[in-house]
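Asks: Coordinates only, no sequence provided:
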C-alpha cells in the first residue's frame, strides 16, 4: 500500500466534503508537477470505493503519455486491493471497461451510454480542456447520468482566458486546494518534496520584439525563421555544453521539428549523445523516451511532446529555446525539473527564450486575461530581476541571491518601462505620492488561524504596492472591504466571490501611497483615464 505525504492526506476528504456540501458544483485541485499527483488520484479512488463499493470511476485525459502514466501508476498504487483498473484508448490499442477506467476522451466522448454507471469522473491535467461549449469533455458530461467530477492540474489557468475555474463559462467552480501558490510551493521545496530550480540568464537571447502574436502566443513560423539560424543555435549549444558540464541529464525545448533537429545535430557535433522526439518521428516514440529515461542519451530535444505528463526525476538541466507567452507552457516545461532524485541538488534552467522574465517564476505566475486584440506583453512586466554576480533570475523582492550570496542594494534607481518617473527616495517623502498603475493582480492571502483575505497588488513600473481586502473578517474590517468592493462596481460577499469577480472590477489609473511608516499604505485611488 502506498504512503501519503502529510500534505496529501487531507485532499481526498476535502474533495468529497466539497461535493457533499455543494451539490452540482465541481472542484479543482492544483498540485505542482512532481508533488505526487497520481498518489492523490489513487487515494481518491481507494476512499471512494471503500465508502461507496458499487461506484464506478472514470479517469480522463486526452494525452497518450498521461494515460499510460496514470494507468501504470494507479495500477501499481492499488495493487493488493480488490479494485479492478482498466485502460480504454483506441490510440493505445486497449478497450477495457472496469470499475476504474483510465480513458482517452477522444475514444469515449461519443459513447457516453457505455459509461452511464460512472458516478465519479476525475479529469487529469484538466487545464487542457478547451473553453468551447462543444468540447469533447462537455459532450461526454452531458450524456452521463449526473456525474460528480473534479479536476487535477499543475496550472489552473489557460493562455488568454485566465483562470479555469469560477467563471461563467468554466467547467470547474472552485479551487479548493492550491499547492501551486508561492508560499506553499516554497514550503514543498523546503520540506524536500520538490527540487530547487536555478533559473540562469544566458548570453544568447532570443529577442521576440519582431515576432507577431497569433492565438495569444508567438507565431511559430516567424520564430522558426528568426531563431532557427545556425549561428544562434551554435552559440546556444556552446552555452548549454559549458553550463551543463556537471549536469547528467538535459531536456531541451525547441520551436519546431527543423529547429529541434538542428539543435540535436549541433550537440552531437560537440560530443553530446542526443536524440529528438516529436509527433511525426519515424521511430517508436515510447521506445526512444524510455531509452532516454534509462540514460542512453544525455540530451533530449523535443517539440511539444515532453511538456505535460512526462516524468523523469533525474532531469537536472532544462534549456528553453522556445519563446512563449503561455503561462501553461512555461510552468509545464520548467516543471519537468521539479522532481527529486538521489544526488540531485537542483535543476538548472537555461532560459534563452526569456520566458521567466516575460511570465514570472513558476510559483508566482502572473495570470493576465486579455481583451480581444490586446497583446499580453502590454499589461506590465513580471516582478523578476537578474543577479549581477551569477546571472540567476530571481523574484524582484529578494534581497540576497540564494545561489551566490550577492546582497542586492536596498534602494536602486531602476530603469522602468510602464512608469517613466524615477524611483523616489522613500526616506525623503513627506507627503503621500501618486503613482500611475500599469497592472493589477489579485491573490488569495492566507495566515494560520485567520480568515483568508484578498491581496491586491498594484504595479507601478518595476515596483508594486499591496493592500488587503478582508471580506471574511467581521466588524470594521469587513465594512471597509464591502465599501472597497462596492466602489469598484462589484458585489462580493466573501474572498471567493471577490476572486471570481476580480476581472470585472473597475481598475484605478493612479493610486496615492503614504510611504512615511514602516509599510506603504494606499490612501486613495483615482479612476480617471
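Replies: That came in fine, so what should we check first? In this text the structure is predicted, and so the values were computed from the model without any measurement.
Asks: only C-alpha atoms for contact and neighbour calcs from this point on.
Replies: Fine.
Asks: which residues touch the spatially most central residue of the chain?
Replies: Taking CA atoms, centre = their mean, the centroid of the chain lies closest to residue 155, which sits 3.4 Å from it. Neighbouring residues of residue 155 by CA atoms under 8 Å, 6 or more residues apart in numbering: 30, 32, 127, 180, 328, 331, 332.
Asks: for residue 222, same thing?
Replies: 211, 212.
Asks: Any stretches of the stretch 401-529 of the chain with poor pLDDT?
Replies: For the stretch 401-529 of the chain, the stretches flagged by pLDDT under 70 are 409-430, 462, 529.
Asks: can you map out the helices along it?
Replies: 475-487, 495-501 (DSSP state H, counting those that start in this stretch).
Asks: just those helices: most buried one?
Replies: helix 495-501 (a mean of 19; mean count of other CA atoms under 10 Å).
Asks: Now residue 442. Nearest residue, chain neighbours left out?
Replies: Nearest non-adjacent residue to residue 442, counting by CA to CA, 6 or more residues apart in numbering: residue 456, 4.8 Å away.
Asks: right, and that neighbour touches residue 440 too?
Replies: Yes: the pair residue 456 and residue 440 qualifies as a contact (CA atoms under 8 Å) at a distance of 7.0 Å.
Asks: Ranking helices and strands of the protein by mean pLDDT, which lands last?
Replies: strand 384-386 (a mean of 75; mean pLDDT, DSSP states H and E).
Asks: show me the contacts for residue 12.
Replies: When contacts are counted by CA under 8 Å, 6+ apart, residue 12 touches 40, 43, 44, 47.
Asks: Excluding chain neighbours, give the residue nearest to the last one in space.
Replies: If the residues on either side of it in the chain are set aside, residue 47 comes closest to residue 12, at 7.5 Å by CA to CA, 6+ apart.
Asks: Quick check: can you list the domain ranges of the chain?
Replies: 11-187, 195-395, 426-526 (automatic domain parsing).
Asks: Go through these and name the closest to residue 3.
Replies: domain 11-187 (8.3 Å; CA to CA).
Asks: And that closest one, end to end?
Replies: Terminal residues of domain 11-187 are spaced 17 Å apart (CA to CA, to the nearest Å).
Asks: how many neighbours does residue 436 have?
Replies: 19 (other CA atoms under 10 Å).
Asks: Show me the beta-bridge partners of it.
Replies: Bridge pairing for residue 436 (DSSP bridges) gives the partners residue 510.
Asks: ok, it - contacts?
Replies: So residue 436 contacts 419, 460, 509, 510, 511 (CA under 8 Å, 6+ apart).
Asks: Please, where are all the helices along this structure?
Replies: According to DSSP state H, the chain carries its helices in the segments 11-21, 37-51, 64-77, 105-108, 136-143, 182-190, 220-227, 230-243, 257-269, 285-293, 327-335, 355-359, 475-487, 495-501.
Asks: Generate CSV for the ones you listed, with distance to residue 307 as supplementary columns.
Replies: Shown next, in CSV, are the helices of the chain (distance: least, CA to CA, whole Å):
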stretch, distance to residue 307
helix 11-21, 25
helix 37-51, 16
helix 64-77, 10
helix 105-108, 19
helix 136-143, 21
helix 182-190, 20
helix 220-227, 17
helix 230-243, 20
helix 257-269, 14
helix 285-293, 13
helix 327-335, 5
helix 355-359, 15
helix 475-487, 39
helix 495-501, 29
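Asks: Figure out which of those helices is closest to residue 398.
Replies: helix 182-190 (13.3 Å).
Asks: Show me which residues of the closest one are buried.
Replies: By neighbour count with 16 or more other CA atoms under 10 Å, helix 182-190 contains the buried residues 184, 185, 186, 188, 189.
Asks: One more: stretch 89-100?
Replies: 89, 95, 97, 98, 99, 100.
Asks: Any idea how far apart the tips of it sit?
Replies: This stretch, stretch 89-100, spans 14 Å end to end (CA to CA).
Asks: starting at the chain centroid, how far to it?
Replies: 29 Å (CA atoms, centre = their mean, to the nearest Å).
Asks: Can you tell me what sits against it?
Replies: Residues from elsewhere that reach stretch 89-100 (CA under 8 Å, 6+ apart): 45, 55-59, 64, 83-88, 103-104, 107.
Asks: which of these are buried?
Replies: 45, 55-59, 83, 85-88, 103-104.
Asks: Pull the contacting residues for the residue nearest to residue 442.
Replies: By CA under 8 Å, 6+ apart, the contact set of residue 456 is 440, 441, 442, 443, 466, 467, 468, 469.
Asks: Can you pull out the low-pLDDT segments for the protein?
Replies: In the chain (pLDDT under 70), the answer is 1, 132-133, 160-161, 309, 366-383, 396-397, 409-430, 462, 529.
Asks: how does it look with 50?
Replies: 369-381, 411-429 (pLDDT under 50).
Asks: Among the helices of the stretch 401-529 of the chain, which comes closest to residue 388?
Replies: In terms of CA to CA, the element of the helices of the stretch 401-529 of the chain nearest to residue 388 is helix 495-501, at 36.7 Å.
Asks: Report all helices and strands that that closest one contacts.
Replies: strand 439-445, strand 453-460 (3 or more CA pairs under 8 Å, 6 or more residues apart in numbering; DSSP states H and E).
Asks: Burial-wise, tell me which of the ones you listed comes out on top.
Replies: Using mean count of other CA under 10 Å, strand 453-460 ranks as the most buried of these, with a mean of 22.
Asks: quick revisit: tell me which two of the buried residues of stretch 89-100 sit farthest apart.
Replies: So, the buried residues of stretch 89-100 by CA to CA: farthest apart are 89 and 99, at 15.8 Å.
Asks: so residue 472 sits right up against residue 481, yeah?
Replies: No: counting by CA under 8 Å, residue 472 does not reach residue 481; the two are 9.1 Å apart.
Asks: So which bits of stretch 299-314 are buried?
Replies: With the criterion 16+ other CA under 10 Å, stretch 299-314 contains buried residues 299-314.
Asks: quick check, distance from it to the centre of its chain.
Replies: 16 Å.
Asks: Excluding chain neighbours, give the residue nearest to residue 233 in space.
Replies: Here the residue nearest residue 233, using CA to CA, 6+ apart, is residue 263, at 6.2 Å.
Asks: Just give me the neighbour total for the one you found.
Replies: Neighbourhood size, residue 263 [other CA under 10 Å]: 28.
Asks: let's have the chain start at 543 instead
Replies: Sure thing, new numbering starts at 543, so read that last one as residue 805.
Asks: List the contacts of it.
Replies: Taking CA under 8 Å, 6+ apart as the test, what residue 805 contacts is 775, 776, 779, 843.
Asks: Got a ChimeraX select line for the buried ones in these?
Replies: Paste this into ChimeraX to select the buried members of those, with burial taken from 16+ other CA under 10 Å:
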select :775,776,779,843
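Asks: nearest to residue 768, of the contacts of residue 805?
Replies: When the contacts of residue 805 are compared against residue 768 (criterion: CA to CA), the nearest one is residue 775, at 11.3 Å.
Asks: re earlier: just the buried members of the contacts of residue 697?
Replies: 572, 574, 669, 722, 870, 873, 874.
Asks: Residue 877 is in contact with the fourth one, correct?
Replies: No: with contact defined as CA under 8 Å, residue 722 does not count as touching residue 877 (11.2 Å).
Asks: tell me, what's touching those two both at once?
Replies: residue 574.
Asks: before we move on, the earlier item: can I get the contacts of residue 697 in a markdown table including distance to residue 751?
Replies: Shown next, in a markdown table, are the contacts of residue 697 (distance: CA to CA, whole Å):
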| residue | distance to residue 751 |
| --- | --- |
| 572 | 33 |
| 574 | 31 |
| 669 | 28 |
| 722 | 30 |
| 870 | 21 |
| 873 | 22 |
| 874 | 24 |
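Asks: among these, which two are most distant?
Replies: Within these, two members stand farthest from each other by CA to CA: 669 and 722, at 13.8 Å.
Asks: Give me the distance between residue 947 and residue 744.
Replies: 19 Å.
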